[in-house]
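> Sequence and predicted structure below; questions after.
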Amino acid sequence: MKDLSVNLLLEFSDEHRVERVLWIDPGMQGLYLMDIHDPKALPEFYPAEELEKMRDAGEWHVLETDPWQIALSEENIAEFYRQKRDAAWEMIRPLIFDQPAIFDAIARSEAIKRSMEESGVTKQTIYRFLRRYWQRGMTPNALLPDYARCGGRGKDKSASEKKRGRIPDRDDLGVNVTSEMRQLFRTIATKKFITNSQLDFRAAYDELIADNFCERVLNEHTGQQELVPQKDIPSLRQFRYWYQKDNDVFHLDRIRRTPRVYDKDMRAILGSSTAETIGPASRYQIDATIADVYLVSRYDPTMIVGRPVLYIVIDVFSRIITGVYVGLEGPSWVSAMMALSNAVMSKVAYCRKFGVEIQEADWPCQAMPDVLLGDKGEIAGKTIETLVKNYHVHVENAAPYRADWKGIVEQRFRLIPARFKAFTPGFIAPDYQERGARDYRLDAILNIDQFTRIILYSILYYNNQHLLNEYEKSPDMIADQVPAIPCDLWEWGVAHRSGRLRSYAPEKVQLSLMPSDDATVTASGIRYATCFYTCEKAMEEHWFERARQKGRWKVRISYDPRHMDEIYLHEDAKGGKFIPCTLTEKSRHHKGRMLWEILQVNSDERRRQRNHEPQALRSRINLNEKIKSIVNEAEAMQSEVSPPSGSARQRTGNIRENRSKESHENRKREAFRMLPSGEAAPGTAAVLPFPKTNEVDDYRLPGIADIMRGQREDQGDDDHGG
């Protein structure tokens, strides 16, 4: 049972049911399961021995695909859905953390009674939320309402003569908002409201009415024209409703208040250190450093590309390095998520890409953490919400200038380079800033793949051989004589401490953590970063023909900056569906390249074009001068001859005859002369008549056909003579 983990699905073949692992006894005595499809299901305890016998008999097996596990981006979830989810989460959170008592029927009943008294909700509501949480993956997003399955999803109600919405508290019934009105609302919001922080919402509404829903009427008393609102105008409430519906109000508010003020006073504050480290994958720390070694390009070894960025994810309990990322992009959310996705995937295939062969036991960790601690600049903001809501990861941020808060991962940045710096050309020594010191950049010979291979070998040594001198062992560790080696600590912790590793499909995690951007559909393919891609959906729906005939448009894609041979088209972002797109033949020269390398190649090409521009300009100027000189020469020759006689009609009427004469003269000039090299053309020669012949003498110059015929005849005479 040690190979099972929390959140796995077990399919019982005979009974056609699927049950989710809710909790595993740390002592490996048994576990709680729950049917994910039964609307009245409750947690049920299975002894370990019974479950093992059932597995040996082939009665159940691990189900690889989770029907409830989808990758949802927080920005694609409606605000109302998020409110419902968060309210449900706050209601059941005290219950679900009371493990394993919440799985016992009697203890659960008492806990639900107390919750009913505190929250004022019914027992049925609490049970419904608990079942939904346990059956749908045990994450906060499992509590999202199912409203998407009802009504006309994403469709606006059609306008008619009848007034929609609630009856206003005034004499007139108001007006239905049309698509034209909504466009006017958006214009006022983007052009006036967010650009003028002194303009409040009601003043913006007044501007809307004055500009679009007023008539100029002459005031009989003053003799001046005044603006008078029309009878049927949208209300302030309608303006506010469609402003919130058609716009990202938080984004507009950030622009209106300026990013500096909004980020300081109104942004979300994420997480705090409340969870304890009780076993492997309880808490991860992530950090980045710029490696002290210069690298060269993979495609041009003479080109120095600078120092790489090294990201490391480490498990606090065992000190094992669970994830790594080596790239040329600066520290950012994108690089951090690449390292985190590496932490939850199998390392065998990843190491093989760099020529490092390992077994699963050499690097066994592939689990999602309960808590993630990192720098505020990289894992803060709304981008981290995808990780928080999809995978129930509690995020903590270290305070500025407090690297000691994540000292475990910081220390690894001193241990790992110590293994390879003595043997690595281009490594920066402490004296690099001293006067007269060697320029270590000129020693660079490693490319990023070779440096990554060195890092992987160093990590494998650290995980499997490095002895932690100051690791504080617990009494049971001492009793079991567990060596203070990260890999051994991890294995012991999984068996004796947590027993609750959370696993998710690696491809789902990678897709949800990949950076997203807009790509352009063109006649040559889906263009992103100057590369062109295609997919089956685009070919079937004739996207590229439509782009050529009707114009281009934008699509949302995700990509792995380490490997740009494929990008992933968002077919249904809310449903977590992605379509892989591959490089077209037009972009095959970029195959195998990273995004940084593609951008670097494009930058170098633009620089070469700019450097060539002065030479091209000089050549164009000289070409123009030569053309002008030839034209001037022709004009001078024309002026030396007498003016042409005859009318314009007579001159243009002889063009065909003149062309024939000119062609005849050109043939004489262009005819081949088959004279031996160095022999001058003969002068005038006497013509000797041959007697007894009736042939007419032909003194025309031979054409190319006559010359080739003569060569064939000469060759035939030689053959007979031989």
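Yep, it's here.
> And the pLDDT for the residue lying closest to I320 once chain neighbours are set aside?
Of all residues not flanking I320 in the chain, P486 sits nearest, at 3.7 Å (Cβ to Cβ, 6 or more residues apart in numbering). Every residue, glycine included, has its C-beta placed from N, CA and C. Looking at P486, its pLDDT stands at 89.
> Kindly report the same for L701.
51.
> Quick check: which element contains Q600?
Using DSSP states H and E, Q600 falls within helix 595-640.
> average pLDDT across that helix?
86.
> Ok, stretch 34-42 next?
Per-residue scores along stretch 34-42 average to 89.
> Tell me who's in contact with L143.
L143 sits next to 84-85, 88-89, 92, 129, 132-133 when contact means Cβ atoms under 8 Å, 6 or more residues apart in numbering.
> Pick out whichever of these sits closest to A189.
Of all these, A189 sits closest to K84, with 26.7 Å by Cβ to Cβ.
> For burial, what's the neighbour tally of the residue nearest to that closest one when sequence neighbours are not counted?
Nearest residue to K84, sequence neighbours excluded (Cβ to Cβ, 6+ apart): P145, at 4.8 Å. Applying other Cβ atoms under 10 Å, we find 15 residues neighbouring P145.
> doesn't P145 fall inside a strand?
No - under DSSP: H, G, I helix; E, B strand; the rest coil, P145 sits outside any strand and is assigned coil.
> picking up where we left off before, I'd like the distance between the residue nearest to I320 and L236.
62 Å (Cβ to Cβ, to the nearest Å).
> before we move on, back to that, tell me how far the residue nearest to K84 lies from I77.
10 Å.
> joint contacts of the two?
With Cβ under 8 Å, 6+ apart as the test, P145 and I77 both reach R85.
> quick one, strands of the stretch 1-150 of the chain?
9-12, 17-24, 30-35, 44-47, 60-63 (DSSP state E, counting those that start in this stretch).
> is it possible to export these to a markdown table including mean neighbour count and distance to G120?
Below are the strands of the stretch 1-150 of the chain laid out as a markdown table (neighbours: other Cβ atoms under 10 Å; distance: least, Cβ to Cβ, whole Å):
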| stretch | mean neighbour count | distance to G120 |
| --- | --- | --- |
| strand 9-12 | 18 | 35 |
| strand 17-24 | 22 | 27 |
| strand 30-35 | 22 | 27 |
| strand 44-47 | 15 | 30 |
| strand 60-63 | 15 | 38 |
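> L446 is nearest to which of those?
strand 60-63 (41.7 Å).
> what pLDDT, on average, does the closest one get?
Here the average pLDDT along strand 60-63 is 87.
> name the helices or strands packed onto that strand?
strand 9-12, helix 48-56 (3 or more Cβ pairs under 8 Å, 6 or more residues apart in numbering; DSSP states H and E).
> I'd like the ones you listed as TSV, with mean pLDDT and distance to K113 appended.
Output for the helices and strands packed on strand 60-63, formatted as TSV (pLDDT from 0 to 100; distance: least, Cβ to Cβ, whole Å):
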stretch	mean pLDDT	distance to K113
strand 9-12	88	31
helix 48-56	87	32
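> of those, which approaches T652 most closely?
In terms of Cβ to Cβ, the element of the helices and strands packed on strand 60-63 nearest to T652 is strand 9-12, at 89.2 Å.
> can you list contacts of the closest one?
So strand 9-12 is in contact with 17-21, 33, 36, 59-63, 66, going by Cβ under 8 Å, 6+ apart.
> go again using 7 Å as the cut-off
18-21, 33, 59-63, 66 (Cβ atoms under 7 Å, 6 or more residues apart in numbering).
> which two in those residues are spaced the farthest apart?
Distance extremes for the contacts of strand 9-12: the farthest pair is E59 and D66 at 20.4 Å, using Cβ to Cβ.
> More neighbours: these two, which one.
D66 (19 against 15).
> What's the separation between the more buried one and L236?
47 Å.
> residues near K245, how many?
12.
> do the same with E541
With other Cβ under 10 Å as criterion, E541 counts 10.
> from here on, count from 699
Done: numbering now begins at 699, and the last item shifts to E1239.
> Can I have the buried ones of the contacts of L841 as a ChimeraX selection?
In ChimeraX, a selection of the buried entries from the contacts of L841 looks like this (16 or more other Cβ atoms under 10 Å):
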select :783,786,787,790,827,830,831
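> which residue packs closest to R1260, ignoring adjacent ones?
M1292 (5.5 Å).
> Rounded mean pLDDT for stretch 926-940, please.
For stretch 926-940, the mean confidence score works out to 85.
> Report the distance from it to the chain centre.
41 Å (Cα atoms, centre = their mean, to the nearest Å).
> so where is the stretch 799-948 of the chain shaky, pLDDT-wise?
845-859, 862-871 (pLDDT under 70).
> In a markdown table: the contacts of L841, plus distance to S703.
Output for the contacts of L841, formatted as a markdown table (distance: Cβ to Cβ, whole Å):
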| residue | distance to S703 |
| --- | --- |
| K782 | 30 |
| R783 | 25 |
| A786 | 25 |
| W787 | 23 |
| I790 | 22 |
| F827 | 24 |
| R830 | 21 |
| Y831 | 18 |
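> Okay, helices next: where are they in the stretch 899-1048 of the chain?
Remark: helices assigned in the stretch 899-1048 of the chain by DSSP state H, counting those that start in this stretch are 899-910, 934-944, 947-955, 957-963, 1031-1041, 1045-1050.
> Just say which of those is most tucked in.
Of all the helices of the stretch 899-1048 of the chain, helix 1031-1041 has the most neighbours on average by mean count of other Cβ atoms under 10 Å, namely a mean of 23.
> That one vs helix 1293-1338, what angle?
Here helix 1031-1041 runs at an angle of 130 degrees relative to helix 1293-1338 (axes from the mean of the first three to the mean of the last three Cα atoms, to 10 degrees).
> Can you tell me which helices and strands helix 1031-1041 packs against?
strand 981-988, strand 1007-1013, strand 1019-1025, helix 1204-1211 (3 or more Cβ pairs under 7 Å, 6 or more residues apart in numbering; DSSP states H and E).
> thinking again about what came up before, which among the helices and strands packed on strand 758-761 is found nearest to K1252?
strand 707-710 (37.3 Å).
> Note down every partner strand of the closest one and its orientation.
Here strand 707-710 is paired, per DSSP bridges, with strand 715-722 (antiparallel), strand 758-761 (antiparallel).
> could you give me the average pLDDT of stretch 1345-1357?
In this model, stretch 1345-1357 has an average pLDDT of 77.
> wait, stretch 979-995
Rounded mean pLDDT across stretch 979-995 is 84.
> Endpoints of that stretch, how far apart?
Distance across stretch 979-995, first residue to last, is 36 Å (Cα to Cα, to the nearest Å).
> could I get stretch 1139-1158 in CSV with only the CA atoms?
Coordinates of each C-alpha in stretch 1139-1158 appear next as CSV, following Å, rounded to 0.1, in the frame of the first residue of the first chain:
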residue,chain,number,x,y,z
ARG,A,1139,34.1,35.6,-19.9
LEU,A,1140,36.7,34.8,-22.5
ASP,A,1141,37.1,31.3,-21.0
ALA,A,1142,33.5,30.3,-21.7
ILE,A,1143,33.1,27.0,-23.6
LEU,A,1144,30.0,25.4,-22.1
ASN,A,1145,26.6,25.8,-23.7
ILE,A,1146,23.3,25.7,-21.7
ASP,A,1147,22.7,21.9,-22.4
GLN,A,1148,26.2,21.0,-21.1
PHE,A,1149,25.8,23.2,-18.1
THR,A,1150,22.4,21.7,-17.3
ARG,A,1151,24.0,18.2,-17.5
ILE,A,1152,26.6,19.3,-14.9
ILE,A,1153,23.8,20.7,-12.7
LEU,A,1154,21.9,17.4,-13.0
TYR,A,1155,24.9,15.3,-12.0
SER,A,1156,25.6,17.6,-9.1
ILE,A,1157,22.0,17.3,-7.9
LEU,A,1158,22.1,13.5,-8.2
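> buried residues in it?
Quick answer for stretch 1139-1158 (16+ other Cβ under 10 Å): 1141-1142, 1144-1146, 1148-1158.
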